[in-house]
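S.K.: the sequence and its predicted three-dimensional model are supplied below.
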Amino acid sequence: MLEATSKSNLVSVRRLFLKRGYVLIMVLGLATLVSTLGIAFIEANSTAMPSANNRKHAARAQYLAESGVELAKHYLLYPPTTVAFDDFWRGGNNIAVDASSDFTSVSVTQHATLKDRFSIQSRGVALGYDGSVKGKKAVYAEVLLPPGNIWDFRRALLGKSATLSIPAGVAITGSVHGNGALTGSGTCTGEVSACLTALWLGGGPPTAVKSLAPAVAMPSASIAFYTTYSFRGKAYTAYLYDRSSMNASDAAAVNAIDMTATNPGRVILAKSGNFRLQNDAQLNGTLLVSGGRLELENNIQIVAQEGFPAVVCTAEMRTQANDNIVNITGPVICGDVITDNGKDRIDLTVRGVAITTNSPTITGTNSTMKFIWDARRSWLYNFESAPTRQPITVLSWREN
């Protein structure tokens, strides 16, 4: 009886050990399986974090480079105050676009001949936490600025009056137009046109004579648009010359004044009333005359800044004595008439465009007026109306 009980206990013990062994094997197998899967997962994803970081830095470098292009486009339209009046923003290095240490470097160059076309090169650099370079991207763009708010004339002489009469002695190198009827007896090498009847009795001959032509918009002879003027959001003020005449030494003294910061167009406002440029006066800039006539003596020279008129006169412009020589380089806006004042052997030349309210007059003997169209001198900044907002055109885009 005792022997049978011992055998039964032994069998029970064996069964217990077998069950525990199976459990142990299952646990070990499961642990092995979990470990294998864990190792496989780790191995499979061991490059995920570096890849994610690389993508993040590459994307950030891309955005930085694109931001540099957008910054350049903005500054081409609205230059910082440190940029000169007739210059453009040329870029900068290590420009931060947010609070991080990442940056973009931008270079802007102007086309050799097309002054409204620019090349932009922007390089974005993304840095790691340790300051090392983690991502780079370069963008190259060609852009075209919108046309500026300007007057651009293709004629040497323009008349506002109902009847424009061009006397013999007037030589026009270029075209002439009248916003009324036009009759000419001088010489013209370009096109003769008028809103009403155009008739040319002189020489040249003109390339064409056209009646019923469209009207040409012209600036007013008001000096108010130039006494204070704004360009790309910055206001400038004309220089006040508070005298009624200017001789050669006075003109030289005005020319020597640096007006770059406050008056880059070199606009000079003369004292109200009749104003006289005396013998040998040679002035650089724009002369504003209001409340009286502009009187011109001998060997007078006025040279305007590009984009600005040489003369804005609300009344007549006239020479003062026989044998006077007057040379004006830049647009002339006359609110009345340009006249030789009955003086003999006058030689008056306007290079650019002349805009008059009334017909030029020549009554002296052997006097001449020459109006010569010059592309560089036939346009003006339009300060009479606010500029229209237009986007920059992107002509090309390349990345690497």
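M.R.: Here it is on my side, so go on.
S.K.: now do the end-to-end distance for stretch 226-244.
M.R.: From its first residue to its last, stretch 226-244 covers 19 Å (Cα to Cα, to the nearest Å).
S.K.: report the buried residues of that stretch.
M.R.: Y226, T227, Y229, F231, Y236, A238, Y239, Y241 (16 or more other Cβ atoms under 10 Å). Every C-beta, even on glycine, is put in place using the N, C-alpha and C of the backbone.
S.K.: likewise stretch 122-134?
M.R.: Those would be S122, R123, G124, V125, A126, L127, K134, for stretch 122-134 by 16+ other Cβ under 10 Å.
S.K.: of the buried residues of stretch 226-244, which belong to helices?
M.R.: Y226, T227 (DSSP state H).
S.K.: any chance of the buried residues of stretch 226-244 in a markdown table, plus distance to S385?
M.R.: Below are the buried residues of stretch 226-244 laid out as a markdown table (distance: Cβ to Cβ, whole Å):
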| residue | distance to S385 |
| --- | --- |
| Y226 | 14 |
| T227 | 17 |
| Y229 | 12 |
| F231 | 14 |
| Y236 | 17 |
| A238 | 19 |
| Y239 | 24 |
| Y241 | 28 |
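S.K.: among the buried residues of stretch 226-244, which one sits closest to S101?
M.R.: F231 (36.1 Å; Cβ to Cβ).
S.K.: and the pLDDT for the closest one?
M.R.: In this prediction, F231 carries a pLDDT score of 81.
S.K.: ok, and what's touching stretch 82-95?
M.R.: 68, 71-72, 75-76, 79-80, 103-110, 118, 120-121, 231, 260, 264-265, 305-307 (Cβ atoms under 8 Å, 6 or more residues apart in numbering).
S.K.: which of these are buried?
M.R.: Buried among these by 16+ other Cβ under 10 Å: 68, 71-72, 75-76, 79, 103-108, 118, 120-121, 231, 264-265, 305, 307.
S.K.: tell me the two of the buried residues of stretch 226-244 that are most distant?
M.R.: F231 and Y241 (21.7 Å).
S.K.: against N324, how distant is the residue nearest to A248 when sequence neighbours are not counted?
M.R.: The shortest distance from A248 to any non-neighbouring residue, by Cβ to Cβ, 6 or more residues apart in numbering, is to D280 (4.1 Å). Here D280 is placed at a distance of 11 Å from N324 (Cβ to Cβ, to the nearest Å).
S.K.: and those two? Which one has more around it.
M.R.: N324 (24 against 15; other Cβ atoms under 10 Å).
S.K.: tell me the secondary structure for the spatially closest residue to the more buried one that is not a sequence neighbour?
M.R.: Among residues not flanking N324 along the chain, N298 sits closest, at 4.7 Å (Cβ to Cβ, 6+ apart). Under DSSP: H, G, I helix; E, B strand; the rest coil, N298 falls in the coil class.
S.K.: ok, how many other residues are close to N298?
M.R.: 19.
S.K.: ramachandran angles for it?
M.R.: When quoted as degrees, to the nearest 10, the phi and psi of N298 stand at phi -90, psi 150.
S.K.: how far away is it from I355?
M.R.: 25 Å.
S.K.: do E142 as well
M.R.: Counting by Cβ to Cβ - E142 and I355 are separated by 36 Å.
S.K.: what do you get for D116?
M.R.: 24 Å.
S.K.: settle it for me: which of those two has more neighbours?
M.R.: I355 (25 against 15).
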